[in-house]
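Enquirer: okay, predicted coordinates and the sequence, questions at the end:
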Amino acid sequence: MKSGKEKKIRKPQRQNKPGLESKMKPSPVYDDEKVEGSEKLKDKVAVITGGDSGIGRAVAILFAKEGADVVVVYLKEHSDAKITQQEVEKYNRKCLLISGDISKEKFSLAIVKAAIKEFGKIDILVNNAAVHFESKGLEEISTKQLLQTFTTNIFAFFWLTKAVLPHMKKGSAIINTASVTAYRGSDHLIDYASTKGAIVTFTRSLASNLIEKGISVNAVAPGPIWTPLIVSTLKPADVAKFGSDAPMKRAGEPVEVAPCYLFLASTDSSYITGQVLHPNGGEIING
């Protein structure tokens, strides 16, 4: 599979939310089979929300390549989830699929119960799933949309992390997916960008709170990445030029983001907590 480091031509396209990776053209690159694993996560267990596609899929596969079993949490994209499971199993690791709505607090408890029943432990939590809706201005953002965005994008992080923590030990890792929009804002994704800013602060605050327990908490703030979130949100014409305004003049591929999560999940980052990595195609970030 290609590395994803070349600029790709994308035709205008649109899908209904939440979108399917299997229907995207061209297909996102989620694995580089030329790169071999080195057991950085040998026998670890990772829970990944939004793990059926996009960045979550790439992270699940890379974690498996590095020796971890994974719990893939997703909404209802069963066909995408099955592909992720098959790709994980190619690396001789187990993949537990759990379908449900993370915006429901009780679902967090169900995730943890199922993970512990299957694997007996949780070493890594990747809070990754998110939604966003384009709006021309603040007046277009309904209370319903606002609540859905915040409940999915940040409340769910609180709920699932709270449920997982009793099972984490010294050396465990929590990794949250933020966004470049947390730092530069977005005139058409005001509510989404606001949740991503909250995730950065959540990450820093929780890291301070858990530092004496030896549990690291960090985040990744991707720039424009080619995922189902894009084709199910943006206008077709905007999809076609997505990522062209990045300094590298292209969107990134999920496979190019996943190594950030691996670094933060492994002992390579043993002296790092409360920090954010920025795979964003060269945009300079302050803050």
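Expert: Sure, I can see it. Numbering: from 1, shown residues only.

Enquirer: every contact and neighbour count from this point should use C-alpha atoms.
Expert: Noted.

Enquirer: what number of residues lie near D69?
Expert: 28 (other Cα atoms under 10 Å).

Enquirer: and the residue nearest to L189 when sequence neighbours are not counted, what does it touch?
Expert: When the adjacent residues along the chain are set aside, L189 lies closest to E134, with 5.5 Å between them (Cα to Cα, 6 or more residues apart in numbering). Going by Cα atoms under 8 Å, 6 or more residues apart in numbering, E134 touches H188, L189, T233, L234.

Enquirer: quick one, strands of the chain?
Expert: Using DSSP state E, the strands assigned to the chain run over residues 45-49, 69-74, 95-99, 124-127, 173-177, 216-220, 276-277.

Enquirer: which other helices and strands contact the longest one?
Expert: Pointing back at strand 69-74 there. strand 45-49, helix 54-65, strand 95-99 (3 or more Cα pairs under 8 Å, 6 or more residues apart in numbering; DSSP states H and E).

Enquirer: okay, the angle between that strand and helix 54-65?
Expert: Per axes from the mean of the first three to the mean of the last three Cα atoms, to 10 degrees, the angle that strand 69-74 makes with helix 54-65 is 170 degrees.

Enquirer: strand partners (parallel or antiparallel) of strand 69-74?
Expert: If you go by DSSP bridges, strand 69-74 pairs up with strand 45-49 (parallel), strand 95-99 (parallel).

Enquirer: contacts for it?
Expert: Strand 69-74 is contacted from outside by 43-52, 60, 63-64, 81, 93-101, 111, 115, 129, using Cα under 8 Å, 6+ apart.

Enquirer: can you check the last one too?
Expert: Surrounding strand 276-277, the residues in contact under the criterion Cα under 8 Å, 6+ apart are V200, N218, A219, V220, A221, C260.

Enquirer: the third one and N127: what is the separation?
Expert: In other words, A219. Taking Cα to Cα, to the nearest Å as the measure, A219 falls 9 Å from N127.

Enquirer: quick one: neighbours of the closest residue to N127 other than its chain neighbours, just the number.
Expert: Spatial nearest neighbour of N127, excluding adjacent residues (Cα to Cα, 6+ apart): N176 at 4.8 Å. If you count neighbours by other Cα under 10 Å, N176 ends up with 25.
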